[in-house]
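K.L.:
Coordinates for the following, if possible.
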Amino acid sequence: MLAAVVAVALLPVAGCSGTTPAAAPPSPSVSQAPSVAPPSPSPTPSTPPPGPPPVGWALSDIPSFPPAPPPQPIVLPKNGSVPYLSRIPTDQPVAFLTIDDGFTKSPEAPKLLAAANIPVTLFLTTSAIQDNEPYFAKLQEHGAVIEAHTITHTELRGKSYAFQHREICGSADRLGHRYKRRPVLFRPPFGTKDATTLRAAHDCGIKAAFMWKETVHKGKVRYQEEHKVKRGDIILMHFRPAFVKDFLAALRAIHKAGLTPALLEDYIPGSA
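P.N.:
Residues are numbered from 1 along each chain as shown. Next up, the predicted model:
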């Protein structure tokens, strides 16, 4: 059984390439909508899919979670821009696991998602996935939802509106064509953005953009604020060689905090 390793850091944490972005801004003051959507499927560990046995993990390594509560979607601002969130403002006992880029295609990822039976959001870079696009369709089959993360994984902050619009819209268009659902959520590479980013994202049909509160790297969880995952926190990990350790470390941190993984899209109106 893999040991759970959780390291604590209260400094800003690294984004996709290891570059350290500025500290996450406070979440915009968005409120919860009164409507209540149907609950997501219960994220209870299942069994690995047929095929080669798990490598580097066992079913007993995956924590068991209670079902996620019926989601309470937030209210989005209507000002020609999109909100930039590192935490969903909710009192529900949930957290959100997001996985970025797509450079490393671990053969264990589909098996882990199937076994854990938890919802995840994938922010994919189109240049990173083009060598094996069917791989991510397999993850879709196990409940992953695919969202946008630019075409080339370039920093957007400070670039022209045309450049940012092309990177955001282009990635959403390509992913939508390949995976039969056009992304409506977005994460800027490295977590860096400016007002132009949020306006271009809005004009590309994006509903919200995302930072994070925790990162996971080489099996260690790093925190921006306190020593545990808090309600509504968005957790960042990547498709990297340590995918198995990172995925299990993220689940253990959520479980230790008494929370349940929930689907980010369930809390953003218009994301279905």
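
K.L.:
which of the residues in stretch 160-177 are buried?
P.N.:
164-176 (16 or more other CB atoms under 10 Å). C-beta: built from backbone N, CA, C; applies to glycine.

K.L.:
List the ones among the residues you listed that fall in helices.
P.N.:
164-176 (DSSP state H).

K.L.:
where do the helices sit along the stretch 51-200 of the chain?
P.N.:
With DSSP state H, counting those that start in this stretch applied, the stretch 51-200 of the chain shows helices at 108-116, 126-129, 133-141, 161-179, 195-203, listed in chain order.

K.L.:
who does the shortest one touch, helix- and strand-wise?
P.N.:
Looking back up the chat, that one is helix 126-129. Here helix 126-129 touches helix 161-179, going by 3 or more CB pairs under 8 Å, 6 or more residues apart in numbering; DSSP states H and E.

K.L.:
Span of stretch 251-262 from start to end?
P.N.:
Using CA to CA, to the nearest Å, the end-to-end distance of stretch 251-262 comes out at 12 Å.

K.L.:
Could you give the average pLDDT over that stretch?
P.N.:
On average, the pLDDT along stretch 251-262 is 98.

K.L.:
now swap in stretch 179-191 and tell me
P.N.:
For stretch 179-191, the per-residue pLDDT averages 97.

K.L.:
Buried residues in it, which are they?
P.N.:
179, 182-191.

K.L.:
Over to stretch 104-112?
P.N.:
Here stretch 104-112 shows 105-106, 108-112 as buried, counting by 16+ other CB under 10 Å.

K.L.:
So which residues make contact with that stretch?
P.N.:
Stretch 104-112 has contacts (CB atoms under 8 Å, 6 or more residues apart in numbering) with 48-49, 51-52, 54-57, 62, 132, 135, 138-139, 141-142, 238-241, 243-244, 247-248.

K.L.:
what about it, start to end distance?
P.N.:
Terminal-residue distance, stretch 104-112 (CA to CA): 15 Å.

K.L.:
How about stretch 222-237?
P.N.:
From start residue to end residue, stretch 222-237 stretches across 11 Å - CA to CA.

K.L.:
Give me the mean pLDDT for that stretch.
P.N.:
Rounded mean pLDDT across stretch 222-237 is 96.

K.L.:
quick thing: my sequence starts at 43, can you match it?
P.N.:
Taking 43 as the first residue, the last one we looked at is stretch 264-279.

K.L.:
Only the buried residues of that stretch, if you could.
P.N.:
264-266, 270-271, 273-279.

K.L.:
of these, closest to Ala250?
P.N.:
Set against Ala250, the nearest of these by CB to CB is Ile276 (10.6 Å).

K.L.:
what's the spacing between the closest one and Phe138?
P.N.:
From Ile276 across to Phe138, the span is 5 Å (CB to CB, to the nearest Å).

K.L.:
what's the overlap in contacts for the two?
P.N.:
130, 306.

K.L.:
Just the buried ones from the contacts of stretch 146-154, in ChimeraX syntax?
P.N.:
To isolate the buried members of those in ChimeraX, using 16+ other CB under 10 Å:
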select :90,96,99,104,177,180,181,184,280,281,282,285,286,289,290
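
K.L.:
my read: Phe228 touches Glu209, true?
P.N.:
No. Taking contacts as CB atoms under 8 Å, Phe228 lies outside contact range of Glu209: 10.0 Å.

K.L.:
hang on, Val263 in a helix?
P.N.:
No. Read with DSSP: H, G, I helix; E, B strand; the rest coil, Val263 is strand and lies in no helix.
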